[in-house]
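> just the structure for this:
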Amino acid sequence: MSKTALVLIDIQNDYFEGGKWPVDKMQTVSANAARLLEHARKQGYEVIHIRHEIPSDEAPFFGPGTTGAETHASVAPLEGETVILKHKANSFHDTPLRGELEARGVSKLTICGAMSQMCVDATTRAASDFGYEVTLVEDACGAKETAFNGVEVPASQVHAAFMAPLAMSYANVVSCEAYLSETN
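Numbering: from 1, shown residues only. Down below sits the predicted model:
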């Protein structure tokens with residue numbers, strides 16, 4: 001029997017209003033992630049919390065040891081749940097994530113978190129490349145507005161621009177409602 005793990009990526013204080021790097025709709029993202037977390041715990045899924053720190057005194061956000069780098073209370077880990085610290089966008093890069101999943105016999109991942117265009121994208125692609133069956137819960141993921149060559153791109157468009165190719169080639173991309181109704 002294949003096992004499922006919920007991977008919550010970087011749902012940390014600095015991404016919320018009042019933090020150093022606020023992400024669009026992060027309250028909604030964390031509320032949906034909290035629903036996924038409650039569901040995963042009830043279903044007996046493995047739960048893995050990913051926490052990002054930027055190892056520099058000049059980190060613009062997620063500075064080591066700061067309140068902003070702490071996991072948001074809405075999805076706080078319970079004792080015994082795995083918490084993995086990372087320093088790069090890809091949650092597999094130089095972390096024990098893959099080993100933890102293999103040790104537990106996990107073959108299916110449900111992914112949520114922030115940011116859609118960085119850590120969620122990098123982790124989802126890597127998970128697919130490693131052969132995991134990936135479900136990405138898009139409304140439990142948050143994007144940040146950005147700009148390139150003078151073009152301002154709103155967060156909603158950034159989110160859509162990343163979810164579309166992930167849905168095409170890397171993951172089953174669904175809403176929180178659809179996921180919860182399909183996995184009950």
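> list the contacts of H93.
Contacts for H93 (CB atoms under 8 Å, 6 or more residues apart in numbering) come out as 86, 122, 126. All C-beta atoms are positioned from the backbone trio N, CA, C, and that covers glycine.
> how close does the second one get to K86?
Distance, A122 to K86, by CB to CB, to the nearest Å: 10 Å.
> which one of these two has more residues nearby?
K86 (21 against 17; other CB atoms under 10 Å).
> what is the burial count for the nearest residue to the more buried one once chain neighbours are set aside?
Distance criterion CB to CB, 6 or more residues apart in numbering; nearest residue to K86, sequence neighbours excluded, is T95 at 5.0 Å. The number of residues packed near T95 is 16, by other CB under 10 Å.
> also E152?
E152 has 9 nearby residues by other CB under 10 Å.
> do R41 as well
The burial count for R41: 13, using other CB under 10 Å.
> check E133 too.
15.
> and it, what are its phi and psi?
Dihedral pair for E133: phi -80, psi 120, per degrees, to the nearest 10.
> quick one: it and I111 touch, right?
No - E133 is not in contact with I111 according to CB atoms under 8 Å; the separation is 11.2 Å.
> distance check, W21 against C141.
For W21, the distance to C141 - CB to CB - is 15 Å.
> ditto for T71
16 Å.
> who has more neighbours, these two?
Between T71 and C141, C141 has the larger neighbour count (other CB under 10 Å), namely 30 against 17.
> in three-state terms, label the more buried one for me.
strand (DSSP: H, G, I helix; E, B strand; the rest coil).
> list the buried residues of the one helix or strand V7 maps to.
Counting by DSSP states H and E, the element that carries V7 is strand 3-9. Of the residues in strand 3-9, those buried under the neighbour-count criterion (16 or more other CB atoms under 10 Å) are 4-9.
> stretch 154-161 too?
155, 158-159.
> for stretch 44-51, same thing?
In stretch 44-51, counting by 16+ other CB under 10 Å, buried: 45-51.
> number of nearby residues for D139?
Neighbour count of D139, defined by other CB under 10 Å: 20.
> just D14 next, same as before
With other CB under 10 Å as criterion, D14 counts 26.
> in this structure it contacts K20, no?
Yes - between D14 and K20 there is a contact under CB under 8 Å: 4.6 Å.
> common neighbours of those two, please.
Joint contacts of D14 and K20 (CB under 8 Å, 6+ apart) are 61-62, 68.
> now render the residues you listed as CSV, adding neighbour count and secondary structure.
Converted to CSV, these look like this (neighbours: other CB atoms under 10 Å; DSSP: H, G, I helix; E, B strand; the rest coil):
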residue, neighbour count, secondary structure
F61, 18, coil
F62, 24, coil
G68, 19, helix
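> which of these lies closest to G80?
F62 (24.4 Å; CB to CB).
> so which elements touch the biggest helix by length in the chain?
Using DSSP state H to define each element, the chain has its longest helix at helix 26-43. Contacts defined by 3 or more CB pairs under 8 Å, 6 or more residues apart in numbering; DSSP states H and E place helix 26-43 against strand 3-9, strand 46-52, strand 106-114, strand 133-142, helix 176-182.
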